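> Everything below, folded, please.
(2 chains)
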Amino acid sequence: AQTVTQSQPEMSVQEAETVTLSCTYDTSESDYYLFWYKQPPSRQMILVIRQEAYKQQNATENRFSVNFQKAAKSFSLKISDSQLGDAAMYFCAYRGYTGANSKLTFGKGITLSVRP
Amino acid sequence: GAGVSQSPSNKVTEKGKDVELRCDPISGHTALYWYRQSLGQGLEFLIYFQGNSAPDKSGLPSDRFSAERTGGSVSTLTIQRTQQEDSAVYLCASSLFREYGNIQYFGAGTRLSVL
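Next comes the predicted model:
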């Protein structure tokens, strides 16, 4: 079974600074997807970024980028130029490659606060 | 609608009562998922529907939990004889099965409180 670990329950960053959220996972599969989701107080999970395991290039979406280390099974999220609206819970998630294994396995999440 | 819709937004019930939670997925999405988010257990998978295939019920915690999906669209999650440990936020997500990467889009959830 796959597991996802987010060991930091909380982090804080100064507005306009950069912060990195850590995530590790365990799997015996060679192909899979990794995701970071953001959950603001409204409860709705919003996709931040996605990484395909077979791609060596790290995914980037505007101010958000990942550091994907497949051998180390590490998948960290870097938020640059942090904004007040980035304050939320962030979840790292794993999904298997085949349709039959498409459920998401989540880490326990990290609460990010942004200081003005 | 444009997104995944869940109702009710909040539900308070008494221990032992049955509850039904509704999920209306994004139009055209063939895959539908239910997850539960609780303080103690984090986010857990409950059940997965894909088209006309038999659902994957492997995450349902007990036989008090059941779900159905009518006409390949709206889904209802039913919890019978609710217990206090069922208190949680129940999240629904849908996706295009054939979409590259199978991104799941979530609703805002139903917060269930069992007194």
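> Would you mind listing where chain B has pLDDT under the threshold?
By pLDDT under 70, the weakly predicted segments of chain B are B:1, B:98-101.
> Can you show me the strands along it?
Ranges of strands in chain B, per DSSP state E, are B:5-7, B:10-13, B:19-24, B:31-38, B:42-50, B:65-69, B:75-79, B:88-95, B:105-106, B:110-114.
> Save these as a markdown table, and put in mean neighbour count too.
Where C-beta positions appear, they are placed from N, C-alpha and C, glycine not excepted. Rendered in a markdown table, the data for those read as follows (neighbours: other CB atoms under 10 Å in any protein chain shown):
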| stretch | mean neighbour count |
| --- | --- |
| strand B:5-7 | 18 |
| strand B:10-13 | 14 |
| strand B:19-24 | 18 |
| strand B:31-38 | 23 |
| strand B:42-50 | 20 |
| strand B:65-69 | 17 |
| strand B:75-79 | 19 |
| strand B:88-95 | 23 |
| strand B:105-106 | 20 |
| strand B:110-114 | 19 |
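> Which residues are in contact with A:Phe75?
Neighbouring residues of A:Phe75 by CB atoms under 8 Å, 6 or more residues apart in numbering or on different chains: A:23-25, A:34, A:36, A:51, A:66-69, A:92.
> So which residues on chain B come close to chain A?
Residues of chain B that fall close to chain A, judged by CB under 8 Å from any CB of the partner chain: B:31, B:33, B:35, B:42-43, B:45, B:48, B:50, B:56, B:59, B:89, B:91, B:93, B:95, B:97, B:101-109, B:111.
> Quick check: pLDDT value at the closest residue to A:Arg115 other than its chain neighbours.
Take A:Arg115 and drop its neighbours on the chain: the residue closest to it by CB to CB, 6 or more residues apart in numbering or on different chains is A:Gln14, 5.1 Å away. Model confidence at A:Gln14, given as pLDDT, is 97.
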